[in-house]
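In: let's see this in three dimensions:
(chains A and B)
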Amino acid sequence: MRVASYLTPMVNTHQSKPEQAQEPRQGWPPIHEANPSALDAVPAPDEEGVVKTGTTVVGLTTADGVVLAADRRASLGGRLVTNKRTQKVEQLHPTAAAGLSGAVGHIQQFVRLLQAEARLYENRRSEELTMTALSTLAGNVLRSAPLQVTPLLGGVDEDGGHVFSLDGGGGVLSDTYAAGGSGMQIAYGVLEQQYDDALSAKEGRAVAAQAIDSASERDTASGNGLTVATITSEGVAFDEFDGVSEVA
Amino acid sequence: MQNSDQQAYDRGTTIFSPDGRLYQVEYAREAVKQGSPVVGVRGEDSVVLASHVPRRSPLVNPGSVEKLFAVDDHVAIGSAGHAADTRRLVDLARRRAQDEHVRYGEAATVEALTTSVADHLQEYTQTGGARPYGTALLVGGYDDGPQLFEIDPSGATREWRADAVGRGASDAITHFEDEYAAPLAAGDALGLALQGLDAAVEDLSVDDVEVGVVTADGYEPVAEDRLDAAFDADGE
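Out: Modelled structure (predicted):
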């Protein structure tokens, strides 16, 4: 079985011109496209043995920025809880984060790639990726690799707060609020009733937590408390809660 | 300029002369000596990179000439020599740094990153049809402590307490050899770096200097007011 690698091959011999075989001379490919042939070699995963998040994630824009929230359960097929403290909201750059559902290994690789691309962008250009650039990049990563990840992206740039929902095929849709994961239908029930585009950050956190809590009650693949990320132009603040009543 | 014996051996990078020299690599070092200088000083908890950024004409936009480059949160590079060659190497270093994050989930150590870039330079001393890079790099960074490495056009690396490359580098190094005394606090390392640059450059002006410091908190360009203060303190 070949192992998927997104990395630039480092092997070179003096017989071929340096870097020429692997990399074009003009323009460097993004990290995730550096070795596209490796992406074809990803075997179909053994569904039984893959730990998935199941998960309920929600993202919503508030007056000050964005709130992302997720439950903390990882499971095998939604039947066996394999981890009760799973981090499903990950910071991607100083003012952006992702709420993630899907196969845990795919999620972790997706996050590593986007964090690396975001740092590379910042070092090259001395500014952060805008949210449209970040979401397009994330869509390209999902489109070019068979990753079982359906992220929500949330973040703040010069134009304010943004939420994007993405799918495994690379689709990128902008919205003011969105839900994802196996509990998304239940979460949407709460969001449709309670979301308002004039919510303060505090109210937004309460609505997001309520949506996660409702899904955790009825979706067997969601539960074990929640992570809430509050994103403003100042940065991303993470809070962990065992139950919705603790969310302030 | 040269005799015919030498001409036979300086056409390609891959051909040794009978006395064991690679003339093209030596010429690349000459190209470095013509570049505006950059110095580096390793303090006890910081490493300072300072560069002379000469203004060829008052029409050149001052912000458009870069001599120091952030590579990763904890690493920066300064260089002397061909600016376009440097740009290529800096981008290589930036990509290798992020490759390390993806591969291991950890930042590359300064030494590992230096070696990785130096391996790339070395390939260009052994490859037919290519020329060596006409640039030398000072790699300043912080892992468990401050680090300062030099990469020369041959791909050789050395670790230094204080170093300089480019025009007047030997004067700067002579100054460092006389004045370097560990431990150097962050402000002292900055002062010594500016003195070294002053030794290398005639009539150094604060307006023509770019300085950056790497500490445990990461790489930061030194702001103008702090630079002015450091210049005044040294009476320059």
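
In: centre of the chain versus the helix or strand containing B:F231, how much separation?
Out: Using DSSP states H and E, B:F231 sits in helix B:224-233. Helix B:224-233 sits 22 Å away from the centroid of its parent chain (C-alpha atoms, centre = their mean, to the nearest Å).

In: list the contacts of it.
Out: Around helix B:224-233, the neighbours that count as contacts under C-beta atoms under 8 Å, 6 or more residues apart in numbering or on different chains are B:G187, B:L190, B:G191, B:L194, B:V206, B:V209, B:V211, B:V222. Heads up, the C-betas are built off the backbone N, CA and C, glycines and all.

In: grab the longest strand from chain A for me.
Out: Secondary structure of chain A per DSSP state E: the longest strand is strand A:149-157.

In: past that one, which element shows up next along the chain?
Out: Using DSSP H and E, the helix or strand that follows strand A:149-157 towards the C-terminus is strand A:160-166.

In: what residues does chain B have near chain A?
Out: B:69-73, B:91, B:94-99, B:101-103, B:105, B:116, B:120, B:123-124, B:126-127, B:129-130 (C-beta under 8 Å from any C-beta of the partner chain).

In: so the longest strand of chain A versus strand A:160-166, what angle?
Out: Computed by axes from the mean of the first three to the mean of the last three C-alpha atoms, to 10 degrees, the angle separating strand A:149-157 from strand A:160-166 equals 170 degrees.

In: and strand A:149-157, which strands flank it?
Out: Strand A:149-157 pairs in its sheet with strand A:96-102 (antiparallel), strand A:160-166 (antiparallel), by DSSP bridges.

In: can you redo those strands as CSV with mean pLDDT, mean neighbour count and distance to A:S174?
Out: What follows is these, written out as CSV (pLDDT from 0 to 100; neighbours: other C-beta atoms under 10 Å in any protein chain shown; distance: least, C-beta to C-beta, whole Å):
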stretch, mean pLDDT, mean neighbour count, distance to A:S174
strand A:96-102, 96, 27, 14
strand A:160-166, 97, 23, 5
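
In: how about TSV for these, with distance to A:I212 added?
Out: Shown next, in TSV, are the strands paired with strand A:149-157 (distance: least, C-beta to C-beta, whole Å):
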stretch	distance to A:I212
strand A:96-102	10
strand A:160-166	15
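
In: nearest to A:R85, of those strands?
Out: strand A:96-102 (14.9 Å; C-beta to C-beta).

In: how far off centre is that closest one?
Out: Distance of strand A:96-102 from the chain centroid (C-alpha atoms, centre = their mean) equals 2 Å.

In: again, but for stretch A:205-223
Out: The answer for stretch A:205-223 is 18 Å, by C-alpha atoms, centre = their mean.

In: so A:G181 touches A:V58, yeah?
Out: No. Under the criterion of C-beta atoms under 8 Å, A:G181 is not in contact with A:V58, lying 9.0 Å apart.

In: these two: which has the busier surroundings?
Out: A:V58 (35 against 28; other C-beta atoms under 10 Å in any protein chain shown).

In: which residues are in contact with that one?
Out: Per C-beta under 8 Å, 6+ apart, neighbours of A:V58: A:68-70, A:99, A:152, A:177-180, A:187, A:191, A:208, A:211-212.

In: could you do B:V110 as well?
Out: With contact taken as C-beta under 8 Å, 6+ apart, B:V110 is in contact with B:H74, B:V75, B:V139, B:G140, B:G141, B:Y142, B:D143, B:Q147, B:F149.

In: how about A:A221?
Out: With contacts defined as C-beta under 8 Å, 6+ apart, A:A221 is in contact with A:K52, A:T53, A:G54, A:T55, A:R73, A:S75, A:G78, A:G181, A:S182, A:G183.

In: which among the residues you listed end up buried?
Out: A:K52, A:T53, A:G54, A:T55, A:R73, A:S75, A:G181, A:S182, A:G183 (16 or more other C-beta atoms under 10 Å in any protein chain shown).

In: now the residue positioned nearest the centre of chain B: which helix or strand?
Out: Nearest to the mean C-alpha position of chain B, by C-alpha atoms, centre = their mean, lies B:L138 at 2.7 Å. In this assignment (DSSP H and E), B:L138 forms part of strand B:135-142.

In: next SSE after that strand?
Out: Under the assignment DSSP H and E, the closest C-terminal helix or strand after strand B:135-142 is strand B:146-151.

In: touching that next one from outside, list them.
Out: Contact with strand B:146-151 is made by B:40-47, B:110-111, B:114, B:117-118, B:121, B:136-141, B:157-163, B:165, B:214-215, as judged by C-beta under 8 Å, 6+ apart.

In: filter these down to the buried ones, PyMOL style.
Out: A single PyMOL command selects the buried members of those (16+ other C-beta under 10 Å):
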select buried, chain B and resi 40+41+42+43+46+47+110+114+117+118+121+136+137+138+139+140+141+157+160+161+162+163+165+214+215
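
In: all strands for chain A, in order.
Out: Here chain A has its strands, by DSSP E, at A:57-61, A:66-71, A:74-76, A:80-83, A:89-93, A:96-102, A:149-157, A:160-166, A:172-175, A:177-180, A:226-232, A:235-241.

In: can you add distance to B:V60 and give the ones you listed back as TSV?
Out: Output for these, formatted as TSV (distance: least, C-beta to C-beta, whole Å):
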stretch	distance to B:V60
strand A:57-61	43
strand A:66-71	41
strand A:74-76	56
strand A:80-83	57
strand A:89-93	32
strand A:96-102	35
strand A:149-157	31
strand A:160-166	37
strand A:172-175	41
strand A:177-180	48
strand A:226-232	39
strand A:235-241	36
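
In: and the pLDDT for B:D163?
Out: Looking at B:D163, its pLDDT is 98.

In: is it true that it touches B:H175?
Out: No. Using C-beta under 8 Å, B:D163 is not in contact with B:H175; the gap is 11.6 Å.

In: let me know how buried the nearest residue to A:A69 once chain neighbours are set aside is, in neighbour terms.
Out: The shortest distance from A:A69 to any non-neighbouring residue, by C-beta to C-beta, 6 or more residues apart in numbering or on different chains, is to A:A208 (3.9 Å). A count of nearby residues for A:A208, using other C-beta under 10 Å, gives 35.

In: pull the contacting residues for the residue lying closest to A:S135 once chain neighbours are set aside.
Out: Leaving out its chain neighbours, the residue that sits closest to A:S135 by C-beta to C-beta, 6+ apart is A:F164, at 4.2 Å. Neighbouring residues of A:F164 by C-beta under 8 Å, 6+ apart: A:M131, A:S135, A:A138, A:L152, A:L153, A:G154, A:V172, A:L173, A:S174, A:D175, A:A178.

In: any idea how far the residue lying closest to B:H74 once chain neighbours are set aside lies from B:R161?
Out: Sequence neighbours aside, B:Y142 is the residue nearest to B:H74 in space, at 5.0 Å (criterion: C-beta to C-beta, 6+ apart). Taking C-beta to C-beta, to the nearest Å as the measure, B:Y142 falls 15 Å from B:R161.

In: fine, thanks again, bye for now.
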